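Chemist: coordinates only, sequence not included:
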């Protein structure tokens, strides 16, 4: 039981670190967008350059959206339910290991 409490505390610490990491990556992605969007030519004569710019900007916006999704905690309820399932599986594995009796090695002559 003490081991699971320690594990939960480590998970909470890791989540705080992860939120900082996501915030930094969000700021970096926004910075790249702010820098690059004015430089991308979306004119009709640009051809492949404009297509590349549009695809790049779309991916950058997806990165920003993913980090915002994590930081705003949109899927926190889902995370809680997954964490409950993980804890239940961990308890089940611990119970199996405690109840399991290892068979004695057979002696062959």
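Modeler: Now that the structure is in, tell me what you want to look at. A quick note: this is a predicted structure, and the numbers were derived from the prediction, not measured. Residues are numbered from 1 along each chain as shown.
Chemist: Tell me where this structure has helices.
Modeler: 2-36, 48-72, 76-99 (DSSP state H).
Chemist: and those, which is most packed in?
Modeler: For the helices of the chain, the largest average neighbour count (mean count of other Cβ atoms under 10 Å) is found in helix 48-72, namely a mean of 14. Glycine gets a C-beta too; all of them are placed from N, C-alpha and C.
Chemist: wait, what's in contact with the residue nearest to residue 37 when sequence neighbours are not counted?
Modeler: Once flanking residues are discounted, residue 37 sits nearest to residue 57: 6.5 Å by Cβ to Cβ, 6 or more residues apart in numbering. Taking Cβ atoms under 8 Å, 6 or more residues apart in numbering, we find residue 57 in contact with 33, 36, 37, 40.
Chemist: Residue 89 and residue 46: what is the separation?
Modeler: 53 Å (Cβ to Cβ, to the nearest Å).
Chemist: Rebuild the contacts of residue 57 as JSON lines, extending it with distance to residue 65 and pLDDT.
Modeler: Below are the contacts of residue 57 laid out as JSON lines (distance: Cβ to Cβ, whole Å; pLDDT from 0 to 100):
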{"residue": "33", "distance to residue 65": "12", "pLDDT": "92"}
{"residue": "36", "distance to residue 65": "17", "pLDDT": "88"}
{"residue": "37", "distance to residue 65": "16", "pLDDT": "87"}
{"residue": "40", "distance to residue 65": "19", "pLDDT": "80"}
